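Asks: Structure of the sequence below:
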Amino acid sequence: MKRKLIVTADGSHSFYLEEMDEHYHSKHGSIAESNHIFIEAGLKQKSAEKSNFKLLEVGMGTALNVWLSALALKGSGLKVNYTAIEAFPLSLDEVQNLNYPNLLGESRALFNKIHQSAWEAPVQLTEELSLLKKQASLQSLSLEQAYDLVYFDAFAPEKQPELWEEAIFRKLHDSMTKGGLLVTYCVKGVIRRRLKAIGFEVEKLAGPPGGKREMLRARKV
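Replies: Numbering: from 1, shown residues only. Below is the predicted model of the structure:
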């Protein structure tokens, strides 16, 4: 799978997959998008509700969401068990080209630790965050943990339709705690209807500045 490094509108990197005509992050700003959708609307909302919780990410990709989550949790006293699923991990050479730490004035050590840590084994990434990376497809995994928060960051429904089917959302719903949150960038009507049919309460929120007008947050009731 050929990945082309690109610069998005906020100066942060992303990858472009030519064969899929798809980007890993929004061309309007990788960091801006991740912060708005996953950190502000997801992590911070759940952090206000619970001090110890489990988080599942579907589509780890560049690990930008993992890294930003670790930074946001620093010094909070919270405890988060983070499971990240990725079927096609980046190479370490590709990781070294990503400019996220430089842009935010952070050391590369934590970002590198995320990518260099072993798969299928939990690692204490920071005092607040324990990370378990799973190299697999979501379809092939058994989700036995009770997740309080899901970052749903799969490629767009037109590019990866198999990850947006009702059966996938039902699988996630079954693995989540009551009151658990799912956040994603996609607000298409068909996706909202699938989530509601399964038993989620769905709300549209304002999207990231300069990017999509809206994003989606769903809560298991």
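Asks: Could you use CA atoms for every contact and neighbour count after this?
Replies: Noted.
Asks: what lines up beside the longest strand seen in the chain in the sheet?
Replies: Longest strand of the chain, by residue count under DSSP state E: strand 176-184. Sheet partners assigned to strand 176-184 using DSSP bridges are listed as strand 147-152 (parallel), strand 214-220 (antiparallel).
Asks: Put the alpha carbons of the shortest one into CSV.
Replies: Which is strand 147-152. The C-alpha trace of strand 147-152 is given here as CSV (Å, rounded to 0.1, in the frame of the first residue of the first chain):
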residue,chain,number,x,y,z
TYR,A,147,-15.3,0.2,26.5
ASP,A,148,-16.4,3.6,27.8
LEU,A,149,-15.2,5.5,24.8
VAL,A,150,-14.7,4.6,21.1
TYR,A,151,-12.7,6.7,18.6
PHE,A,152,-14.1,5.6,15.3
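Asks: which residues sit against that strand?
Replies: Strand 147-152 is contacted from outside by 38, 42-43, 46, 53-59, 175-184, using C-alpha atoms under 8 Å, 6 or more residues apart in numbering.
Asks: ok, now stretch 63-75?
Replies: Counting by C-alpha under 8 Å, 6+ apart, 31, 34-35, 38-39, 43, 60, 100, 110-111, 114-115, 125-129 sit against stretch 63-75.
Asks: List buried members of these by neighbour count.
Replies: 31, 34-35, 38-39, 43, 60, 100, 110-111, 114-115, 125-126, 128-129 (16 or more other C-alpha atoms under 10 Å).
Asks: Count the residues that sit near Lys159.
Replies: 12 (other C-alpha atoms under 10 Å).
Asks: who touches it in this structure?
Replies: Met20, Glu22.
Asks: How about Gly210?
Replies: Per C-alpha under 8 Å, 6+ apart, neighbours of Gly210: His28.
Asks: mind running it again at 10 Å?
Replies: Ala9, Asp10, Ser26, Lys27, His28, Gly29, Ala32, Glu33 (C-alpha atoms under 10 Å, 6 or more residues apart in numbering).
Asks: Would you state the predicted confidence (pLDDT) at the third one?
Replies: Same thing as Ser26. According to the prediction, Ser26 has pLDDT 94.
Asks: can you check the last one too?
Replies: On the pLDDT scale, Glu33 is placed at 96.
Asks: Then the second one?
Replies: Model confidence at Asp10, expressed as pLDDT, equals 95.
Asks: That one contacts Ala32, doesn't it?
Replies: Yes. Counting by C-alpha atoms under 10 Å, Ala32 is a contact partner of Asp10 at 7.1 Å.
Asks: Please say which of these two ends up with more neighbours.
Replies: A count of neighbours by other C-alpha under 10 Å puts Ala32 above the other of Asp10 and Ala32, at 20 against 15.
Asks: Which of the contacts of strand 147-152 are buried? Put it as a PyMOL command.
Replies: Remark: buried members of the contacts of strand 147-152, expressed as a PyMOL selection using 16+ other C-alpha under 10 Å:
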select buried, resi 38+42+43+46+53+54+55+56+57+58+59+175+176+177+179+180+181+182+183+184
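Asks: Surely Arg56 is in a strand?
Replies: Just so we're on the same page, residue 56 is Leu rather than Arg. Yes. Leu56 forms part of a strand when assessed by DSSP: H, G, I helix; E, B strand; the rest coil.
Asks: Now, the contacts of stretch 63-75 that are in strands?
Replies: Short answer: those in strands (DSSP E) are Leu129.
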